[in-house]
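Peer 1: Sharing a model prediction with you, sequence too.
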Amino acid sequence: MSGEVNVRSAIHFASAALALAALSFGAMPFAVAADTPDPAADAKAFQKFFTEKFPKVKLDDFVNGPYSMNEDMHRQWEEKEQFPPYDFSLDLGKEMFAKPFKNGKSYADCFPNQGKGIRQNYPTFDEKEGKVVTLELALNRCREANGEAPFSYVKDEMAALTAYMAFTSRGKPFDIKIPNDPRALEAYENGKRYFYTRRGQLNFSCASCHVQNPGERIRAEVLAPALGILNAMPIYRSEWGGMGTISRRFTTCNSQIRGVPLEPQSDEYRDLEYYLSYVSNGLPVSGPGARP
Amino acid sequence: MSGTGRANVLKSLALATTMLIAGAASALAGASEADFKAAYAAAEAANKQAASLRNQWTTTAAALAAAKKAAEAGDFDTAVASSQEAEALAKASIYQARSEKDAWKALEIH
């Protein structure tokens, strides 16, 4: 009986691998990674890959995800932007951001430039802590430092706050820094490894969908390119019927491939956000965004 | 194929069929609570190892939950089968995590 179960599992596993192989058919050939990390060269190669794969898409337009992939979808996006579904969240975020904490301080006291027009600088690398700090994490740390309970990383309040902060930064190019600190480089490398590592019973990596198959469909969804994918966050997703943070996006991706998601803002997700944001340096903030 | 060759193939098939029937019969012989506990513990241990590699699968958790539910209902045959399925899935997730330790590099953009 044990053998029978093993065989069945192996068949499930093999089917998933075959499905992936079929999905990846025609993917570009990839060379084996060099050993010395070079983030600047990575970012250059990353952007070159996507601009060559989609020669008709302007570099800045990649931040519009699936809507950048063809003209019809781009027109849909333009129409959606007339009455964007994230407007309610944006209004809520603006109100929350301005409202003082019980101690009289506010979010503005925790961030440079009172928190306005700074989205493009996150995540940062905190040399004191030796770790990556995302905007969502910085917001909750601000709350806790001022005696307030942290928000859930995957729910509406965090989405509203980050929507407002992104909105005040729209058009500013991503400017993620990797300081001259071996821990920062290690965090970047860990994020890269996470991005390309296959996981879950479906044996998918982030790259399986967002590097090898952007523009292709999985069921009714058009897959977004990895380039600029975080520039539009947070997003209103029709599929979710609401707003979603970066944490929600990462955890949902993991469960969709039948992997148990890690806890939001775990080191792995923080590093992943660091890597993905860095390779999109130069592309503008477009968040909050809307997706099918 | 010669007559002797064909006979050998038939003999092998007959033997394989007998073994399969014997296997199925032993599976249906009626598992005990102790069988379930042993199978469940093995599955849990493998899943714990997958957790240490930060690579658990949702399907493993589902099979473990199904095993527990069946055991609570006194259906130890199903409970053992689900536990064994969970163990196989957990072992596959461990294999995946180990093989991806270097294999991820093949996908990297250069």
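Peer 2: Yes, it's here.
Peer 1: can the longest helix that chain B contains be found next to chain A?
Peer 2: Secondary structure of chain B per DSSP state H: the longest helix is helix B:76-103. Yes: counting by C-beta under 8 Å from any C-beta of the partner chain, chain A is contacted by helix B:76-103 at B:80, B:81, B:84, B:85, B:88, B:89, B:92, B:93, B:96, B:97, B:100, B:103. C-beta: built from backbone N, CA, C; applies to glycine.
Peer 1: Mind listing what's buried along that helix?
Peer 2: Under the neighbour-count criterion of 16 or more other C-beta atoms under 10 Å in any protein chain shown, helix B:76-103 has B:76-94, B:96-97, B:100 buried.
Peer 1: Repeat that for stretch A:56-68.
Peer 2: For stretch A:56-68, by 16+ other C-beta under 10 Å, it's A:57, A:60, A:61, A:62, A:63, A:64, A:65, A:66, A:67, A:68.
Peer 1: ok, now which ones touch residue A:280?
Peer 2: Shown in contact with residue A:280 (C-beta atoms under 8 Å, 6 or more residues apart in numbering or on different chains): A:43, A:62, A:63, A:174, A:227, A:228, A:229, A:230, A:231.
Peer 1: now for those residues, which pair is the farthest apart?
Peer 2: Using C-beta to C-beta, the contacts of residue A:280 span at most 15.1 Å, a distance reached by A:43 and A:63.
Peer 1: that older thread, just checking, what packs against the longest helix of chain B?
Peer 2: Counting by 3 or more C-beta pairs under 8 Å, 6 or more residues apart in numbering or on different chains; DSSP states H and E, the packing neighbours recorded for helix B:76-103 are helix A:2-23, helix B:33-52, helix B:58-72.
Peer 1: average model confidence for stretch A:186-198?
Peer 2: The predicted model assigns stretch A:186-198 a mean pLDDT of 98.
Peer 1: With just CA atoms, put it into PDB.
Peer 2: Taking C-alpha atoms only, stretch A:186-198 is exported to PDB below (Å, rounded to 0.1, in the frame of the first residue of the first chain):
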ATOM      1  CA  GLU A 186      23.700  38.300   1.200                       C
ATOM      2  CA  ALA A 187      20.100  39.500   1.600                       C
ATOM      3  CA  TYR A 188      20.000  40.400  -2.100                       C
ATOM      4  CA  GLU A 189      21.400  37.000  -3.000                       C
ATOM      5  CA  ASN A 190      19.000  35.200  -0.700                       C
ATOM      6  CA  GLY A 191      16.100  37.100  -2.400                       C
ATOM      7  CA  LYS A 192      17.400  36.100  -5.800                       C
ATOM      8  CA  ARG A 193      17.600  32.500  -4.700                       C
ATOM      9  CA  TYR A 194      14.100  32.600  -3.400                       C
ATOM     10  CA  PHE A 195      12.800  34.100  -6.600                       C
ATOM     11  CA  TYR A 196      14.300  31.300  -8.800                       C
ATOM     12  CA  THR A 197      13.700  28.300  -6.400                       C
ATOM     13  CA  ARG A 198      11.000  25.900  -7.300                       C
END
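Peer 1: ok, and what's touching that stretch?
Peer 2: By C-beta under 8 Å, 6+ apart, stretch A:186-198 touches A:37, A:39, A:42, A:125, A:131-132, A:178, A:204-208, A:226, A:267-276, A:278, B:96, B:100, B:103-105, B:107-108.
Peer 1: what's the distance between it and the middle of its chain?
Peer 2: Here stretch A:186-198 is found 13 Å from its chain centre; the criterion is C-alpha atoms, centre = their mean, to the nearest Å.
Peer 1: What is the subsequent helix or strand relative to the worst-scoring helix or strand of chain A on mean pLDDT?
Peer 2: Among the helices and strands of chain A, helix A:2-23 carries the lowest confidence by mean pLDDT, DSSP states H and E, at a mean of 47. Next helix or strand after helix A:2-23 toward the C-terminus (DSSP states H and E): helix A:39-53.
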